[in-house]
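K.L.:
Structure for the following, please:
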Amino acid sequence: MKNNILLALFLFGSLCTLQAQETPAKAVELSEVSIVKVKKAVEQKADRTIFDFASQPSLNTGSVLDGIKKLPGLIASDVAGMMYQGKQLDVYLDGRPLNITTNELNSFLEGMPANAIEKIEIITQPGAEFPATSGGAIMNIITNVNAKKYLSATFTNSTNITNYDHLRWRVNNSLLLSARNKYFGWQLNLGQSYSESALWTSLTKNENNVTTLVSATDADRIGRTNFVKSALTFDIGKDRLLLNYDLNYSNNNSVTTSNGPGFNTDDDSYTDALRQDFVVTYQKKFDDRSKKLEFKFNYNDNKNDFLLDSRINNTNVLNNESNQQLFNAKIDYSQPINFSDEGKLSFGGLYEGLFFETQNRNVVNLDYQRRTAAAYSELQTKFSNFNFIVGARAEDYDISGKTNTTDLIPFKQFRFFPNASAQYNFSNSVYFNVNYNKKISLPSTSALNPNNTNYQNPNVDFSGNPNLQPTIFDNYEVKLSAFDYAFIGYNVSSAQNQVVNRVLLTNDVVINTNVNVPQIKVHNFNIGMPVPYMLFTKGLKETMKMNVNPDTMNFLYVYTAYQYHQIPDIKTNGFWMLNLMSQLLLPKDIKFVANFTYMFPKGNYFYFIVDKPMRNSLDLTFSKKFFKDQLSVSLSASDIFNSNRTVVSSYNTPLLLSSKYDSRRFGFSINYKIPTKNKLAKEGPSLLNKEKKEEEGNLNQ
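P.N.:
The predicted structure is shown next:
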């Protein structure tokens with residue numbers, strides 16, 4: 001292992017020196033110069049990593065969840081949530097938090113076509129301008145593309161089939177329309193997703209070397225999702241008014257059979273979910289373009305209905321509903337500072353209210369309210385080769401509620417959240433960064449929901465915990481990055497009252513819920529680097545003379561990470577993750593991408609012990625562009641060895657949990673830019689996610 005680490009460090013150092021190596025060139029007189037901005041597949045910034053989805057067929061041929069699971073360093077699990085490089089993720093859509101987790105989040109992302117996504121930002125070090133409730137890190141899913149000053153239209157489709165036990169289809173369609181005139185601009189993105197899938201699970205217990213079945217289920221599921229994203233922008237003198245309205249409706253059903261000691265079930269389940277989001281933004285413009293002032297109001301309404309009916313007894317088993325309403329108003333201001341060329345001062349405020357109500361058979365069993373008031377200030381400056389960020393955020397919380405039997409434990413506190421970052425720039429492409437921030441994570445409403453919104457049988461129960469308390473994080477990170485693709489990093493996240501998923505066995509009934517753990521530390525070491533294949537054919541000396549651009553060359557990208565969950569009074573083991581992505585440029589401009597992911601067994605993921613390799617999958621994609629890049633076509637094969645499964649045991653219980661999706665799929669995807677007139681028209685700013693700091697690639701909330 002020591003030799004492997006030394007070799008990795010040597011290759012990383014060799015890549016870092018490429019910045020300083022330039023091939024001598026003869027002077028050539030140019031009659032014309034064209035400047036073309038090329039999107040990067042991966043872009044590293046001081047506080048975030050940006051993954052481009054729109055131009056990567058290997059990521060955008062299925063659902064958003066399918067693409068996310070291929071990102072190096074990211075873990076997406078039904079039983080343990082979503083983490084990136086050891087940090088629990090708070091998931092945003094177009095700059096606004098979704099406020100859902102685990103099963104509901106996975107269902108939402110599974111119903112959204114990946115070909116409707118422009119890019120994903122994973123903000124590992126959220127500064128003071130982000131809500132302190134962002135917890136460990138933020139994943140911001142950005143669905144918009146640039147609007148042009150003429151009518152433009154793009155149609156995308158991806159179709160996949162599985163044939164594990166019988167043929168199943170997954171079809172995604174999306175249409176994007178946008179245009180501008182001298183009065184206003186508009187954008188409309190609409191689409192649908194139809195997904196047939198299967199899930200097989202088993203729960204067994206082993207006591208006194210005797211293994212017995214607790215529950216085995218076979219679920220045949222159909223997911224249907226329709227979405228509309230719309231935007232209008234009006235120029236009012238120098239200022240700008242933006243209106244956004246998003247609608248997402250899903251209608252899912254499942255036929256589930258199960259058996260266990262003394263029972264057999266045959267059930268139908270139905271889930272209806274309607275999510276609406278409305279945003280009004282007013283941007284004040286100044287003669288100094290680096291000075292910005294923005295006012296924003298956001299209203300969100302999220303309704304969910306879940307029914308479970310027994311086909312055997314022709315009776316209703318579960319009838320659960322929930323309704324979440326959220327509103328917030330915020331102001332953000334930033335301006336340059338005189339004593340630094342690239343420095344700026346930002347400050348702002350936020351007032352937010354959330355109301356959440358759940359019902360069981362029309363009886364209200366949770367009435368939850370949350371109010372947050374916040375203010376922040378942040379200073380960014382540069383001296384010589386150093387960049388500094390210092391900020392602080394103050395937030396006041398008033399959280400209360402009641403179930404149908406008792407009042408919840410109130411949370412009424414005022415808290416202060418500092419953040420600091422220092423970065424040394426060796427060059428424009430190589431830098432060393434040190435970060436610290438304190439954050440808080442409020443329990444999501446889906447984790448609080450006392451009702452079962454998933455599935456149950458006589459031996460299995462899923463339920464939330466209305467008495468969950470907020471989690472306080474102290475996040476530390478050091479990172480060395482080069483050329484957006486090569487990096488070495490270490491981070492540790494220390495959490496108080498960490499919310500984790502627990503699976504417990506009580507009187508032979510499996511209880512799946514969430515609990516607070518007084519203290520947990522998550523350590524994560526990760527390294528990633530591209531290895532050009534020419535290194536093996538031309539040698540290191542010749543490779544170092546080349547202008548290395550992994551987007552346009554044959555290479556192998558290697559990512560590996562070691563993660564260790566430290567829980568007091570429990571002996572835990574760390575685990576390794578591996579991701580290999582190979583890109584080959586074939587004749588006829590065909591691009592071939594192979595993606596292999598693997599999580600080694602025997603490590604602890606919070607209170608789960610991984611018994612078999614997880615995320616064990618090999619995916620292949622062939623893609624080609626036609627008609628001057630107007631048409632993109634790709635062929636894909638996912639999990640070709642059908643080896644992706646989850647087998648974990650639950651700490652301090654005799655339980656073994658095993659689950660398997662019909663993960664082996666074959667399909668194709670097309671992206672067609674419908675021809676329009678005036679193709680040389682200039683691009684205007686984005687409409688669907690017009691944020692105060694968008695020009696700088698920052699998420700503003």
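
K.L.:
How far off centre is stretch 611-631?
P.N.:
Relative to the chain's own centre, stretch 611-631 is displaced by 19 Å; criterion: C-alpha atoms, centre = their mean, to the nearest Å.

K.L.:
no no, stretch 339-359
P.N.:
That offset, for stretch 339-359, works out to 20 Å (C-alpha atoms, centre = their mean).

K.L.:
Just the buried residues of that stretch, please?
P.N.:
Residues 343-344, 346-348, 350, 352, 354-359 are the ones in stretch 339-359 that count as buried (16 or more other C-beta atoms under 10 Å). Bear in mind the C-beta positions are built from the backbone N, C-alpha and C, glycine included.

K.L.:
Outside of the helix or strand where residue 412 lies itself, list whatever touches it.
P.N.:
Here residue 412 sits within strand 411-425, counting by DSSP states H and E. Applying C-beta atoms under 8 Å, 6 or more residues apart in numbering, the contact partners of strand 411-425 are 46-47, 125-128, 132, 378, 385-400, 431-440, 469-470.

K.L.:
Farthest pair within the buried residues of stretch 339-359?
P.N.:
Greatest spatial distance in the buried residues of stretch 339-359: 343 and 359, 52.2 Å, computed using C-beta to C-beta.

K.L.:
separation between the nearest residue to residue 54 once chain neighbours are set aside and residue 333?
P.N.:
In space, and not counting its chain neighbours, residue 54 is closest to residue 118: 5.1 Å by C-beta to C-beta, 6 or more residues apart in numbering. Plainly put, residue 118 is 27 Å away from residue 333 if you go by C-beta to C-beta, to the nearest Å.

K.L.:
repeat for residue 589
P.N.:
Counting by C-beta to C-beta, the gap from residue 589 to residue 333 is 48 Å.

K.L.:
so which helix or strand takes in residue 82?
P.N.:
strand 81-84.

K.L.:
Return the list of helices and strands in contact with that strand.
P.N.:
With contacts taken as 3 or more C-beta pairs under 8 Å, 6 or more residues apart in numbering; DSSP states H and E, strand 81-84 sits against strand 74-77, strand 87-93, strand 137-142.

K.L.:
Partner strands of the first one and their direction?
P.N.:
If you go by DSSP bridges, strand 74-77 pairs up with strand 81-84 (antiparallel).

K.L.:
Please point out which parts of stretch 594-602 sit buried.
P.N.:
594, 595, 596, 597, 598, 599, 601.

K.L.:
Would you mind putting the buried residues of stretch 339-359 into CSV with secondary structure, pLDDT and distance to residue 73 alongside?
P.N.:
Formatted as CSV, those follow (DSSP: H, G, I helix; E, B strand; the rest coil; pLDDT from 0 to 100; distance: C-beta to C-beta, whole Å):
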residue, secondary structure, pLDDT, distance to residue 73
343, coil, 84, 31
344, strand, 89, 30
346, strand, 93, 29
347, strand, 93, 33
348, strand, 95, 31
350, strand, 94, 30
352, strand, 94, 30
354, strand, 94, 30
355, strand, 95, 36
356, strand, 94, 32
357, strand, 95, 37
358, strand, 94, 34
359, strand, 93, 39
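
K.L.:
moving C-terminal of the one helix or strand residue 251 maps to, what's the next helix or strand?
P.N.:
Assigned by DSSP H and E, residue 251 falls within strand 239-260. Going down the chain from strand 239-260, the next helix or strand is strand 263-284, by DSSP H and E.

K.L.:
Off-centre distance for that following strand?
P.N.:
18 Å.

K.L.:
same check, this time on stretch 318-327
P.N.:
Distance, centroid of stretch 318-327 to centroid of chain: 23 Å (C-alpha atoms, centre = their mean).

K.L.:
can you check stretch 234-243 too?
P.N.:
31 Å.

K.L.:
in the stretch 351-500 of the chain, which ranges drop under the pLDDT threshold?
P.N.:
Scanning the stretch 351-500 of the chain for pLDDT under 70 picks out the ranges 484.

K.L.:
now the strands: where do they sit in it?
P.N.:
Under the criterion DSSP state E, counting those that start in this stretch, strands of the stretch 351-500 of the chain are mapped to 363-383, 386-403, 411-425, 430-441, 460-462, 471-482, 486-506.

K.L.:
For residue 172, see how far away residue 274 is.
P.N.:
20 Å.

K.L.:
These two - which one has more neighbours?
P.N.:
residue 172 (28 against 15; other C-beta atoms under 10 Å).

K.L.:
Name the residues linked to the closest residue to the more buried one other than its chain neighbours by a beta bridge.
P.N.:
Nearest residue to residue 172, sequence neighbours excluded (C-beta to C-beta, 6+ apart): residue 113, at 3.4 Å. Following DSSP bridges, residue 113 is listed with bridge partners residue 63.

K.L.:
ok, now residue 660?
P.N.:
Going by DSSP bridges, residue 660 forms beta bridges with residue 200.

K.L.:
and residue 507, which of the helices and strands packed on strand 81-84 is closest to it?
P.N.:
If we rank the helices and strands packed on strand 81-84 by C-beta to C-beta, the stretch that ends up nearest is strand 74-77, at 26.8 Å.

K.L.:
can you list contacts of the closest one?
P.N.:
With C-beta under 8 Å, 6+ apart, strand 74-77 has contacts from 65, 68-69, 82-84, 89, 106, 122, 577, 599, 605, 614-615, 646.
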